[in-house]
Each structure stands twice: as structure tokens, then as C-alpha cells.
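Asks: Any chance you can model this:
(2 chains)
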Number of protein chains: 2
Amino acid sequence: MSYKAPVKDMLFAMEHLARIDQVAQIPGFEEAGLETAQAVLEECARFNEEVVAPLNVVGDLQPSTWKDGQVSTTAGFKEAFAQYVQGGWQGLQHPVDAGGQGLPKTIGAACVEMLNSANMSFALCPLLTDGAIEALLTAGSDALKSTYLDKLVSGQWTGTMNLTEPQAGSDLALVRTRAERQGDGSYKVFGTKIFITYGEHDMAENIVHLVLARVAGAPDGVKGISLFVVPKFLVNADGTLGARNDVHCVSIEHKLGIKASPTCVLQYGDQGGATGFLVGEENRGLEYMFIMMNAARYAVGLQGVAIAERAYQQAAAFAKERVQSRPVDGSVAGSATIIHHPDVRRMLMTMRAYTEGCRAMALTAAAAFDAAHAHPDAQVRQDNQAFYEFMVPLIKGYSTEMSQEVTSLGVQVHGGMGFIEETGAAQHYRDAKILTIYEGTTAIQANDLVGRKTARDGGQAARGIASQIEQTEQALKASSSGAAQAFARALAQARQDFLAVVDYVVAGSKTAPNDVFAASVPYLMLAGNLVAGWQMGRALLAAEQQLSQGAADKAFLEAKVTTAHFYATHILVKTSALRDEVLHGAAPVMALPQDSF
Amino acid sequence: MSYKAPVKDMLFAMEHLARIDQVAQIPGFEEAGLETAQAVLEECARFNEEVVAPLNVVGDLQPSTWKDGQVSTTAGFKEAFAQYVQGGWQGLQHPVDAGGQGLPKTIGAACVEMLNSANMSFALCPLLTDGAIEALLTAGSDALKSTYLDKLVSGQWTGTMNLTEPQAGSDLALVRTRAERQGDGSYKVFGTKIFITYGEHDMAENIVHLVLARVAGAPDGVKGISLFVVPKFLVNADGTLGARNDVHCVSIEHKLGIKASPTCVLQYGDQGGATGFLVGEENRGLEYMFIMMNAARYAVGLQGVAIAERAYQQAAAFAKERVQSRPVDGSVAGSATIIHHPDVRRMLMTMRAYTEGCRAMALTAAAAFDAAHAHPDAQVRQDNQAFYEFMVPLIKGYSTEMSQEVTSLGVQVHGGMGFIEETGAAQHYRDAKILTIYEGTTAIQANDLVGRKTARDGGQAARGIASQIEQTEQALKASSSGAAQAFARALAQARQDFLAVVDYVVAGSKTAPNDVFAASVPYLMLAGNLVAGWQMGRALLAAEQQLSQGAADKAFLEAKVTTAHFYATHILVKTSALRDEVLHGAAPVMALPQDSF
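Replies: Numbering: from 1, shown residues only, chains lettered A, B, ... in the order given. Model prediction:
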């Protein structure tokens, strides 16, 4: 099944929701207006549609393989990755002085979505490299930067994140990998890391592992964790590759999905110690790791949008082709294509509305990220940073949960054919399942939303967003269309549900932590639904305005209005049940004795 | 991961909800009281836990294989099936005069659940055989019955249902397989059937295919379909096996789940015609097929309960074992087992509440089935038949949709380990995906609920159920417990939501079919949620009563009250959003032109 990048929808969201014209006023992004965005997106679409997307099914059928410590990726991946590097795609969002193109995240995010729609397994390698780049940019010494940064930004080398150990998944306090200081300022690293995506592969000549470990004598728990660079091959002073380092891939996992992406068990120091280099200061590893992690969490949210888009395209194509049963309204005399059937439409519209809503949420947050990092006004930077930080758990948590519903509907639209692997719909369903787990499960995102993003500031950021939403409601109410009126009603209700939950969370996070954290995922789902919905409401307004001005692309704009209307009446309406769960559901959650399970 | 049959919960539902004491007053079921149920369930549990369940993972890893038209099932399946036959399990619910044990469905259903929890792929073979038995019992001639029935009931031979063709999935009007009358009263059958579960295998010496086909000159569409018995081996007059019939398995499918169960493409008549025998009368095949189908739909609903139970058990065991992170309430100083974390509890309680609710719904409906078939009073039979028929789409549609949410949560509880196939959680997630598709997709069940079960009688059956629910609300209100009060409130709201939707469906099914059928799945989800919830409300009352009488099993009964309380506050609350979708969501569903997809 081929992939067609939704360039038009991305540009619409950039222009009217993320307001790329404002991003282009930020120093450094002067060239990054709508025209640039369009040119980049079209080139990116071409590359992903033609080069990367055709490898998606192949990768599922012929996953990476492991032999004697070497990992061979799926046939074709190495060549496609070489083209990715040659096209400069790895450096798109990274600083010009590190060899990147210095484009804003507002544009970069759309390109990340495309790459992931085309091939999520393939896209994971660049995704992890981005994390390593972020960590080095923030905390790496000049020596580390000069050795590693350019080659990571160019894509010549790739990066990994090494957090997880068999006993330490979400709980980094349990990390046991240890690092011993050497006389020359380097460290020897010993330990086992698991679930290391692209921890070993054949697409690049070197792999730069970013590794969490404890230096001897460090405090217990997360305050004693440091971050190290451990390259697969040591690097000589002239930048050429030196000796093979003592880090080895001892096996790869047999997984439900993203099969082409090798998930490695890495063994450090079995032959005397892997040479590692401290990033920043000792015992501040968790802090640096969060830099990588936050970039990665946002990107995983985009993966949710990406896989939902791909599943939607496949289901829509099938529904327009498959002939089955007479329409209930008698509009066709005999059996018709199944897109005539109301429930098939309902499924397709659900897939579409979720996908467009989450894309709009992600692109809007990307613009806030750009302002938070580069806007000349400190207050603007701070406000945007607060907004962006509130968005990250929603983008990661909500977009990935929705992607599982969307890919499940994608299988369902196919009927029996969806259950047959050759069809390809099931691959999206299997691939999507990792998204609510890695880079922090949905519960971890929800804890972040409750603790750091809501309780810590007493609900200020949350209520600020609600105020902005209220403005959108007013604008919707001022429109005469039925869709806008319906949207205004649903949005107002959802916002009130949200505020009630925020009050509950703020009031109870210290005094009744079990009650509040039992409600954390429903809160996250409510907030994500609302914020994605809010963007759909803004999209509806923008589309109506464009239509009233006689804009050219009438069909697209009318579809946007209808899709927003669907979001309001089928998705936004779910917030009240979530509110009830939060406000009235705590008592039975923790009541059972463990033996009763 | 081992399986422990939930005998206690099944017996509780039989005693207090399905009222097996009343079933045992029906002539023919005098022996089938609670004591018999307990004895049968304990024996069934032992067999499934020890013999069938250990083959579940094996079957996933080493699926059935096809070679030169022969299918070899997973090692161990043949021997386990022989034990199944020897134990008389195939005949449990079938008539004594056909060699069965004549037990009520109330008991049989629990046994079907256990077999499916133990191994869904294995259980599909008996499930399809049950369908063939039902069809022959209802419409088979004496000759067909005497040749096939005893051997199917004993399990010596197995049965299949042959409906689907490449161009005819849900739409049987498109069936092309044809049958030519022969001089001796038999037919020659020609055509291709796909998705035939256990269409070929090595566990039984003969396979009895029930096949839909058109006799030459029959009317177009579903009114021209007849039903045939086409045995793999023809049967001699003395009951011994004769010549190999002209039906051959040309391939099996590569599927997302239930991999051990061979899904066959069957070719009829490539070597001159497969000999078939008409079941009942020509052109009444659809009617007979619905007999098989209705039995199968109920059984697929049980598969949903079964796979949910298995996923729950596995997740609960993992949550009690896996140590990760400090509890938010500070109840443990360091990292604790994850069952201490509120969101893990929320997930486990969700899994548990859905499973118990759907099990209770299925067992209650089974008792209605028993009364509908065997009660001496015609009015009682008729009332129970109406109730049962209303239940079938809910049991099939809602229990299977919920099983996908539950098995998804099962993976999620496992975190990263859930995504690794060796853990086994992912198998349940993959296996469950077929359940909303085969024997009629959720949309097909919803169409049945809207058309035949609601609109046809003007909502009478639906409103009758609402009246019964109102009685349960009154009883709940009369209880002093907080759980009962909370339940009464949620149940009242859900019932009102249901009634509003029934009115909408009845009013619009003819005048606004697109609107009503666009709402069919939300209606089904609302109705299933309500009816399963209603049974949880009844369970809460029964448990409170037992507790007040000082019943022995206090922990079990208290857990039932808590689980019901959770159902009310986390699951029943979803009905209002579904109501809103139905009442206000029609406009945007069909509004987009096809080209906009």
C-alpha cells in the first residue's frame, strides 16, 4: 500500500494554527516561512513516498537479523539511509554551526511525521540520533561536541539512548550499570542495557551510545546517575575510527511490531570495560537524559499521528474499492463499495478526525517550542516554554493512545482481510502498540502531567490554556454555521470538564495522592482530547474564513469543516465520562486486597 | 503463563444471576442444578488447565502448516483433541438422543469460556462443530442426521461453516458457489470458499463441511442460497468412510493471531464436482445458516470473555511480581511491585470489571436460551426467546470489542515486556483482533440490533429490558452502601441514555436510515455496556446480601462489590457520550464526498 504525504493538511495547520508567519519573524528563522515550508515538505514527501515507504512491508516480513554480534538490517534499508543522509534530512532541525539546516521544529515536525508514516521502523534510527544530538548540544563538552556532533548531525554516525536494564524500566533509580573513573579522564563502563533501539546495525560506520551509569561512590537512586558517551568505535584525534570499543550486541528481541528496527541487548565491559566519556557533570545524568527524553517523547507523539495517517490512507483506499452489500439508504441498487455504509464512514471519519486533531496539536506545540527557544522577548520565551511543556505529555500520551484506536479501526474497515498479514493493515496495528510504552508509558506521561505540569504550578498553565480555549469558543459562537455552533457547545463542555478535573488534581495531589494518580490517565485523555479538539475548532474557523473569502481549495476546506464537526460530536463528547471517572471513581481503584487479584 | 479457570465467579453468576435453580426446574434439566454445575466446571477446569492451556503458546509459535493439500496442526493438538473427544466435551450441550449429555447452555457456556481461555485456536474446532450440529438438528433430514449427527456430537468428526468467498464476505448475496442436482438426489458442488476455520486438519478422521451454494436456476441474491453437507470423505451405508470427496484445501492464511487454527481456502469441484447433500429445502440456506451463525455469534462473544480473562490473569500475575518505582502514597519506602501503583490498579480493575460484566451477561442470556427452548410454558418460552435474541448482538459485539481493550491493557500493564512476544501478553492482543470481525463484524451485529432487534418491534424488547433494569435500580437504591448508591445513579443515567437512543432508532430507521445506521455501533456499545453493567448491579446486590447473611467467602464477595462499584464509576459512565454521538452526531458522518477521502 503506497503512502501519500498529507502536505496540504500540514501546510494548512502550519499557516492557520501554528502561525508559521510568526515563527518566521523569530531571528534565525527568517527564511522559514510558508514558502520554505512548502518546498521542504514537497521534497520530503517525494523522498519518503518513493524511497522509504516501499520498504515498510519488506521490513515487517524480513526483520533485522542478529548473527555473532552483528545486526543486518532489512535489505534496502542501508541504501535508503544513505539517501536520507545525503539529502541532509538528519540535520534539518539542528543548528547551522553544527552542520544542520537550522529550520524550526514547526517544519521539522512535519518531516518527522512523514518519515514515520513511510516507515516507523526505519524512522527510529534518526529519531534516536536526534536525542543524542540534543544531549550533546545541551551538556556536551567542546571536546565531545567537536568529536561527535557534526557526524551525528550529518547522519554519518547514529545515536542511541541507553536507559533500560532488565530490572530498571520506568524506574531509573534501579539502574546498576557502573562507570569507573580512569586516569586519563575517561571511564570504564560495565553493565547490561536492554531495549536499545538500533543499538547495533549496519547502516552507519559508527554508533554513539548515550548511556546512563553510576560512578563508584555515587548516591543511591536517581541522584547518582551520570550520562556517558560510549562509541561503538573509539575515535582517533584526527577524527578517523580507532579501536572497537567493549560494547557488544548479544541479542535482539522478537517483537509484536516495528520488527525491522533492531531492539538490542547491549553488553558493556565484558572484555575489560567499555571506554566512556562523561557528558556534563557526574550525577546530573537524569537531567540530561530528560533533554533527550523530552525530544523523543514529542517525536513519539508524532509517530502516533504518522501511523494513524498511514492506517487511515490504507483503510480509505480499501473502502473505496471493496464492494459489499447494499447501502441502507437505497442509493445504490445492488452491492456497493463499502464507503457507502454509514458505519464504515463513521470509522473513517473517526480515524481522520483523530489524526488531523493530533497533527494540529503537535504542529501548534512545535511553533511554541520554536518561540520558547529563539524568540527575542524573554516573557514570550517563558510563556511558550510553559505551554510547550504542558503539551508534551498530551502529544506523547494522547496521540499514541489514539493511534491504537485508529489502527484498530483500520483493521476493522478491512474486515476479514484486515486479519490477514498480507493486507498490511495489521502491521500498523502491531507497530502502534509500542507507542504507548516506550519513552515513558501513558501512565508515566500522565504522572508528568499531574505532578510537574499541573500540581506544581497550582494549575496555572492548565487554566491559562482553558482561557485561550474560551476565546476560541467565543469565535465559534460568533459564526453562523451549524458546525461551528455544535463545536462551540462541545468545546465549552469539554473545557468545563477539564477545569473541574484540574481543580481536583490541584486540590488532592498531596493529600490524596492515590486518588489523584488513579485519575491521571483519564485526566491525560481528557486534556489531550480537549487540546486536539481546540485545534480542530480553530481549524474550522480558519476554513470557514477561507471559504468566505472564496479560497481556491473549496473541497479541502469543506472537508476540514466537516471533519471538525465530526470531532466535536463524536470525540469531544467523551470528556464528560472522563471527568466523572476522575471526580467520582477513586474509591474502588485501590480497594481490593492484593490477594483478590 | 498458566491458566486458572474462574470457577468461583462462574458459579456465583450461575447461582445468583442466571438463576440455575430455575433452569433446573425445566423438564429435561432436572439434574442440572448448582451441584452438577460445580462438578462439571471443576472437571472442565482441570482438563483445560492441564491439557489445553499449555498448548496455547506453542500453537502461536508453531502454527498449523500446509503441504500438498494436507494441514498438520501444532504438535500436541491431535492428542489433546483426542482427550477432548474422550471426555465427551463436544456433546455437553447436545441432545441425549444424539449421544450428547443434554446439559443446559447455562453450564455449557462456562465450559466454552474455559476452553477458549485455555486456547482460542484449539477451541475454534469444537466451536464450528457445534454450529454444524445445530444446523443438522434443525433442518437435516433423518438420513443426514443418522449419518453425521452422532459422529459430530461425539467429536469423532468435526464440522465447518463455509460462507465466505473472495467477493462475498459480509454480503452473502454475492455467493457464487454453485450446486448441480444429480439423478440420485445428491448435488455436485463447484466453487471457492475462503476463511474456512479448520477446513482441513489432522485431528479427526472426517470433516463435515456445511456449504452455502446456489442451485442452477435459483433466484438472485440471498433468496437463492441453499445449504449443503459436503463431507471430506463420503460415508458408506454402513457408516464407514468411503471415497475422498472433491473438496481440497489449496492454502492456509498467514494471520495476525489465532495462528494455530488453520484458516483454509477450500476448492470445491476441481475434479468433477464435490458430492453434496441438501440440508432442508432448496433456497432456504440463509435461514439455516443463521441457526449456525447465531450459535456461533454467542460463542464468539464468549471468546471475548475468555481471552479477556486470560489476559487479566496474566497481567495481574505480572503486576504482583514486577518491582518498579516507589508508590505515590509512600506506603513502601523503596521500589515496590507495580500493583501498588494507582494506574496499574486502574488498568487491572478495568480488565476485571469488563470481564466479569460480560461473563454475567453471557450466562444470564444462556439461562434465557434454556428457558426459550425447553420451558413448558409457551409465554415463558417466547419472552425468553425475545430476550435472548436481543442479547446475541450485545454479547457478540460488546464482549469482543471490550476484549480488545482488555487485551491491550494486558500488554500495557507489562510495559516494554508486553511488546516482546516471549512474554505472551501480545498473543492475546493479536488473537482478540479477529473477534470483532468473524461471524459478522461489530457493524453487522449493530445492524442486527438496530433492524431486527429494535426497529422491527418498535423498541418493545428494548424497553422491556429497560423496565427490568429499573427494578434493579430500585433495589440498589434501597441498599445503604455507598457502592450500591453510586451504582444506582450510574445505572439510572445509563438506562435513560439507552431509552433516548432506542427512541431515536425506532423513529428514524425508515425515514433517516443513514443517520440511524451511522449510530448503530455507538448504540450497540451503549446497550452492551448497560446490560453488562446491569448484571454487575445485580451481582453487587447478591454479594451484599450474601455478606449480610454471613456467607463464608467474604473476600470474594467483597471483591465483587468493589468490582461492581468500579464498573459503575469507570465504565457505565461512558454511556452519555455514546448517547450524544447517536443523538447529535449524524450530520458529519456521511457529509464528505468520496473524493475527499
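Asks: Find the nearest non-adjacent residue to residue A:458, please.
Replies: residue A:506 (5.6 Å; CB to CB, 6 or more residues apart in numbering or on different chains). Every C-beta, even on glycine, is put in place using the N, C-alpha and C of the backbone.
Asks: helices or strands up against the strand or helix carrying the one you found?
Replies: Here residue A:506, judged by DSSP states H and E, is contained in helix A:482-508. Applying 3 or more CB pairs under 8 Å, 6 or more residues apart in numbering or on different chains; DSSP states H and E, we find helix A:482-508 packed against helix A:460-478, helix A:513-518, helix A:520-548, helix A:554-566, helix A:575-584.
Asks: at 6 Å what do you get?
Replies: Counting contacts by 3 or more CB pairs under 6 Å, 6 or more residues apart in numbering or on different chains; DSSP states H and E, helix A:482-508 packs against helix A:460-478, helix A:513-518, helix A:520-548, helix A:575-584.
Asks: Let me know whether the last one sits next to chain B.
Replies: So that's helix A:575-584. Yes. Residues of helix A:575-584 contacting chain B under CB under 6 Å from any CB of the partner chain: A:576-577, A:580-581, A:584.
Asks: mind listing what the closest residue to chain B within the stretch 101-250 of chain A touches?
Replies: Proximity of the stretch 101-250 of chain A to chain B (CB to the nearest CB) peaks at residue A:171, 4.3 Å away. Counting by CB atoms under 6 Å, 6 or more residues apart in numbering or on different chains, residue A:171 touches B:324-325, B:335.
Asks: For it, grab phi and psi.
Replies: Main-chain dihedrals, residue A:171, degrees, to the nearest 10: phi -100, psi 90.
Asks: which parts of the stretch 401-550 of chain A sit against chain B?
Replies: So the stretch 401-550 of chain A meets chain B at A:415-416, A:419-421, A:426, A:434, A:437, A:441, A:443, A:513-514, A:517-518, A:521 (CB under 6 Å from any CB).
Asks: ok, those residues vs residue B:390, which is closest?
Replies: Lowest distance from residue B:390 to these (CB to CB) belongs to residue A:415, with 24.8 Å.
Asks: Surely that closest one is in contact with residue B:168?
Replies: No. With contact defined as CB atoms under 6 Å, residue A:415 does not count as touching residue B:168 (11.4 Å).
Asks: Who has more neighbours out of those two?
Replies: residue A:415 (25 against 21; other CB atoms under 10 Å in any protein chain shown).
Asks: just the strands in the stretch 51-200 of chain A please.
Replies: A:65-67, A:70-72, A:157-162, A:178-181, A:187-197 (DSSP state E, counting those that start in this stretch).
Asks: Could you say which helix or strand holds the residue of chain A most remote from its centre?
Replies: In chain A, residue A:333 marks the outermost C-alpha relative to the chain mean, sitting 45.2 Å out by CA atoms, centre = their mean. Assigned by DSSP H and E, residue A:333 belongs to neither a helix nor a strand.
Asks: what's the spacing between it and chain B?
Replies: 11 Å (CB to the nearest CB, to the nearest Å).
Asks: show me what contacts that residue?
Replies: Applying CB under 6 Å, 6+ apart, no residues contact residue A:333.
Asks: ok, 8 Å please
Replies: Taking CB atoms under 8 Å, 6 or more residues apart in numbering or on different chains, we find residue A:333 in contact with residue A:326.
Asks: Torsion angles phi and psi at it?
Replies: phi -70, psi -40.
Asks: Check it and give its pLDDT.
Replies: Predicted confidence (pLDDT) for residue A:333: 90.
Asks: And residue A:103, by the same measure?
Replies: Taking residue A:103 on its own, its pLDDT is 98.
Asks: what does residue A:203 give?
Replies: pLDDT, read off for residue A:203, is 98.
Asks: Surely it is in contact with residue A:79?
Replies: No. If you go by CB atoms under 8 Å, residue A:203 and residue A:79 don't touch, sitting 9.2 Å apart.
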